[in-house]
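Enquirer: This is a predicted model, with the sequence first.
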Amino acid sequence: MNDFAPGSTGDVLHRFNQAFLDHTPEVLPALIADRCRIERIQATAEGEWIEGGAACRALWQAQAADRGGQFRLEGTTVLGDVGLVFWTYAHGPGLSQHSRGLNVMRVQNGQVVEGRGYAKKA
């Protein structure tokens, strides 16, 4: 439950983020559009894109299910149909095993249609 209007960018991103925090990938398919595309975090300078809802769902569901690491949400800013999601990810106890990042997400008709990820490591 959140304070955003159902289907709004804030609502969709709140539920999307919660799936990663709670390791509940089963909620993601309803939040990801068939025409979704993702720019990978570890892309080349020209970008590396994953195209299509099935491919996007598979990637994000695998990440949300992975209990080998833990996301922590730093904050979300909603700007119309775009959301900025700031996060940290720890895949071990040492600082060298932590990353901080930003996802730029676009939501239309109650679903994520685009995600661009950017990260830096300690």
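Expert: Noted; the coordinates are in hand. Numbering: from 1, shown residues only.

Enquirer: quick one, helices of this structure?
Expert: 9-22, 53-65 (DSSP state H).

Enquirer: which residues sit in contact with Val78?
Expert: Counting by CB atoms under 8 Å, 6 or more residues apart in numbering, Val78 makes contact with Ser8, Thr9, Gly10, Leu13. Bear in mind the C-beta positions are built from the backbone N, C-alpha and C, glycine included.

Enquirer: repeat for Asp66
Expert: Contacts of Asp66 by CB under 8 Å, 6+ apart are His23.

Enquirer: same deal with Pro29?
Expert: Applying CB under 8 Å, 6+ apart, the residues contacting Pro29 are Arg57, Gln61.

Enquirer: Relative to Gly52, how far out is it?
Expert: 13 Å (CB to CB, to the nearest Å).

Enquirer: cool, Ala58 as well?
Expert: 10 Å.

Enquirer: Now render the contacts of Val78 as CSV, adding distance to Arg37.
Expert: Shown next, in CSV, are the contacts of Val78 (distance: CB to CB, whole Å):
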residue, distance to Arg37
Ser8, 21
Thr9, 17
Gly10, 21
Leu13, 17
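
Enquirer: Please produce JSON lines containing the residues you listed, extended by neighbour count.
Expert: What follows is the contacts of Val78, written out as JSON lines (neighbours: other CB atoms under 10 Å):
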{"residue": "Ser8", "neighbour count": "15"}
{"residue": "Thr9", "neighbour count": "22"}
{"residue": "Gly10", "neighbour count": "17"}
{"residue": "Leu13", "neighbour count": "24"}
